[in-house]
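K.L.:
got a predicted structure here, sequence first:
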Amino acid sequence: MRVEAEIMDAAGETLMEKKTMKAIAVIAGKANSVHLREVPMPSVDDVPGGRGVLVKILRVGVDGTDKEINAAEYGAAPEGGDFLILGHECFGRVESLGPNVTAVRPGDYCAITVRRPGSSLYDLIGTNDMTTDDTYFERGINMRHGFLTEYIVDDEEFIVRVPEGLKGAGVLMEPVSVVEKGIAQAYEIQRRLRVWKPRKAAVLGAGTLGLLAAMLLRLRGLDVTVLARTKAPTANSKLVEEIGARYVSTQEKPLRQASAEYGPFDLILEGTGQAALVFEAMEVLARNGVLVMVSVTGGDEKIEIPADRINLGFVLGNKVAVGSVNANREYFEMGAKDLSQAELAYPGWLSKLLTHPVKGLENFEQLMKTLQVAKGAIKVYCEVAEE
């Protein structure tokens with residue numbers, strides 16, 4: 001592998017002949033194997049056709065996915081290796097380019113999409129997140145290395161420019177893209193109705209995804225109720241109220257009661273990871289409503305459900321339930337626009353989501369521990385490099 005002879009860091013100093021770099025990785029399939037390792041320094045020449053973009057990683061968010069991969073619940077190494085570099089939520093700065101790159105310039109801030117193409121028709125047209133392949137490729141998750149490292153090289157197709165004014169919140173680009181896709185899919189599905197003007201929405205869960213969903217729906221003018229287990233006041237409930245949404249603890253008011261009082265809900269976005277709640281949401285969903293599921297559930301839980309009543313409600317009420325996973329470039333670009341609008345509509349709100357920074361890749365143990373045990377954490381992230 002050819003090594004970049006010189007790379008200028010943020011201070012203008014030259015990093016001479018840096019042949020390796022640090023990365024946080026796991027041994028795929030081995031529980032609690034997270035570790036720091038040296039990996040080869042990438043080059044723009046690693047991407048064919050002169051389309052390579054070298055990105056200096058500044059921040060990487062971590063979430064339950066990283067925790068579950070470290071627990072060996074899923075996650076596979078790239079072909080030919082036994083380790084997987086973690087991290088699928090990144091924010092960085094463009095350092096250098098291949099000769100045929102036109103979309104970004106050195107110094108631009110950027111995020112990088114997660115899914116990579118497979119062989120299905122949907123992969124071939126750029127909608128990698130809709131693949132029908134049994135094997136899928138996700139950076140930091142499955143068969144492609146992630147972003148918890150010092151530098152990344154990728155094709156410009158997967159590099160999404162982030163406005164400089166968003167550099168403080170740019171690490172939220174990946175999670176917001178997931179919610180953007182879910183909401184966009186709901187509106188796309190409802191084109192079947194010719195006219196669909198949702199007025200009331202419910203968001204199930206007040207974690208990072210739930211808070212971002214509430215914000216996006218408020219930007220679209222909906223009356224939003226966020227339901228979460230913990231009783232108010234909490235940092236999360238205050239964030240909900242700051243954007244003009246309503247916070248409800250399910251310990252005090254279950255979903256059915258909240259729907260009777262504040263609904264019916266034209267759109268429900270479920271992000272709790274509790275499968276039982278999905279079926280309750282199906283019951284209370286309004287006629288012509290859409291239930292969007294963005295959380296992933298594991299295990300083999302079995303529950304009793306009123307199947308006939310749910311089926312009847314869906315048929316007679318023209319209801320829709322849809323699953324939404326990951327996001328392609330389109331939704332990252334939508335996220336950049338809506339995060340910019342949020343900075344204007346709710347100044348300083350996004351930065352309050354970034355609750356638990358951990359400085360430096362070498363503090364990987366602290367990063368994972370913070371992810372597991374930190375009380376009140378909304379977004380845990382690694383400060384890989386300073387500006």
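P.N.:
Noted; the coordinates are in hand.
K.L.:
contacts, neighbours, all on C-alpha from now
P.N.:
OK.
K.L.:
how much space separates the residue lying closest to Ile141 once chain neighbours are set aside from Ile85?
P.N.:
In this structure, Ile141 finds its nearest non-sequential neighbour in Gly75, 5.3 Å apart by C-alpha to C-alpha, 6 or more residues apart in numbering. Distance of Gly75 to Ile85, computed by C-alpha to C-alpha, to the nearest Å: 10 Å.
K.L.:
higher neighbour count, these two?
P.N.:
Ile85 (29 against 25; other C-alpha atoms under 10 Å).
K.L.:
would you mind naming the residues that pair with that one in a beta bridge?
P.N.:
Beta-bridge partners for Ile85, by DSSP bridges, are Ala25.
K.L.:
separation between it and Glu79?
P.N.:
Relative to Glu79, Ile85 is positioned 13 Å away (C-alpha to C-alpha).
K.L.:
hang on, the earlier thing: wait, isn't the residue nearest to Ile141 in contact with Lys67?
P.N.:
No - using C-alpha atoms under 8 Å, Gly75 is not in contact with Lys67; the gap is 10.9 Å.
K.L.:
tell me the pLDDT of Ala11.
P.N.:
Listed pLDDT for Ala11 reads 42.
K.L.:
which residues does Val162 contact?
P.N.:
When contacts are counted by C-alpha atoms under 8 Å, 6 or more residues apart in numbering, Val162 touches 108-111, 170, 336.
K.L.:
dump these into TSV; add secondary structure, pLDDT and neighbour count as well.
P.N.:
Below are these laid out as TSV (DSSP: H, G, I helix; E, B strand; the rest coil; pLDDT from 0 to 100; neighbours: other C-alpha atoms under 10 Å):
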residue	secondary structure	pLDDT	neighbour count
Asp108	coil	98	16
Tyr109	strand	98	26
Cys110	strand	98	29
Ala111	strand	98	28
Gly170	helix	97	27
Ala336	helix	98	24
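K.L.:
out of these, which comes closest to Arg139?
P.N.:
The nearest member of the contacts of Val162 to Arg139, counting by C-alpha to C-alpha, is Ala111 at 12.6 Å.
K.L.:
excluding its backbone neighbours, what's nearest that closest one?
P.N.:
In space, Ala111 is closest to Phe91, 4.8 Å off (C-alpha to C-alpha, 6+ apart).
K.L.:
so what sits opposite that neighbour in the bridge?
P.N.:
Assigned bridge partners for Phe91, using DSSP bridges, are Arg59.
K.L.:
what is the neighbour count of it?
P.N.:
When neighbours are counted by other C-alpha under 10 Å, Phe91 registers 29.
K.L.:
surely it is in contact with Val60?
P.N.:
Yes - with contact defined as C-alpha under 8 Å, Phe91 and Val60 form a contacting pair (6.3 Å).
K.L.:
please enumerate the shared neighbours of these two.
P.N.:
Counting by C-alpha under 8 Å, 6+ apart, the contacts common to Phe91 and Val60 are Val171.
K.L.:
any idea which element the residue nearest to Ser96 when sequence neighbours are not counted lies in?
P.N.:
Spatial nearest neighbour of Ser96, excluding adjacent residues (C-alpha to C-alpha, 6+ apart): Leu54 at 5.2 Å. Using DSSP states H and E, Leu54 sits within strand 52-62.
K.L.:
now do that strand: which elements does it pack against?
P.N.:
Strand 52-62 makes packing contacts with strand 89-97, strand 151-155, strand 380-383 when contacts are defined by 3 or more C-alpha pairs under 8 Å, 6 or more residues apart in numbering; DSSP states H and E.
K.L.:
mind putting those strands into a markdown table with mean pLDDT and distance to Val358?
P.N.:
Listed next are the helices and strands packed on strand 52-62 as a markdown table, based on pLDDT from 0 to 100; distance: least, C-alpha to C-alpha, whole Å:
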| stretch | mean pLDDT | distance to Val358 |
| --- | --- | --- |
| strand 89-97 | 98 | 14 |
| strand 151-155 | 98 | 18 |
| strand 380-383 | 98 | 5 |
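K.L.:
indicate which one of those strands is closest to Gly323.
P.N.:
Shortest distance between Gly323 and these, using C-alpha to C-alpha, is found for strand 89-97: 20.7 Å.
K.L.:
for that closest one, packing partners?
P.N.:
The elements that strand 89-97 packs onto, with contact taken as 3+ C-alpha pairs under 8 Å, 6+ apart, are strand 52-62, strand 109-112, helix 173-189.
K.L.:
export these to CSV and tack on distance to Asp308?
P.N.:
As requested, the helices and strands packed on strand 89-97 are arranged in CSV below (distance: least, C-alpha to C-alpha, whole Å):
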stretch, distance to Asp308
strand 52-62, 40
strand 109-112, 44
helix 173-189, 24
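K.L.:
between the ones you listed, which one is closest to Val358.
P.N.:
Short answer: strand 52-62, nearest of the helices and strands packed on strand 89-97 by C-alpha to C-alpha, at 9.8 Å.
K.L.:
centre of the chain to the closest one, how far?
P.N.:
Taking C-alpha atoms, centre = their mean, to the nearest Å, one finds the center of strand 52-62 at 15 Å from the center of the full chain.
K.L.:
with just CA atoms, put it into PDB.
P.N.:
Provided in PDB are the C-alpha atoms of strand 52-62 (Å, rounded to 0.1, in the frame of the first residue of the first chain):
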ATOM      1  CA  GLY A  52     -10.900   8.600  -3.400                       C
ATOM      2  CA  VAL A  53     -11.500  11.100  -0.500                       C
ATOM      3  CA  LEU A  54      -9.200  11.000   2.500                       C
ATOM      4  CA  VAL A  55     -11.100  12.100   5.600                       C
ATOM      5  CA  LYS A  56      -9.600  13.000   9.000                       C
ATOM      6  CA  ILE A  57     -12.100  11.700  11.600                       C
ATOM      7  CA  LEU A  58     -13.000  14.200  14.300                       C
ATOM      8  CA  ARG A  59     -15.900  12.600  16.200                       C
ATOM      9  CA  VAL A  60     -17.600   9.200  16.200                       C
ATOM     10  CA  GLY A  61     -20.800   8.500  18.000                       C
ATOM     11  CA  VAL A  62     -21.400   5.100  19.600                       C
END
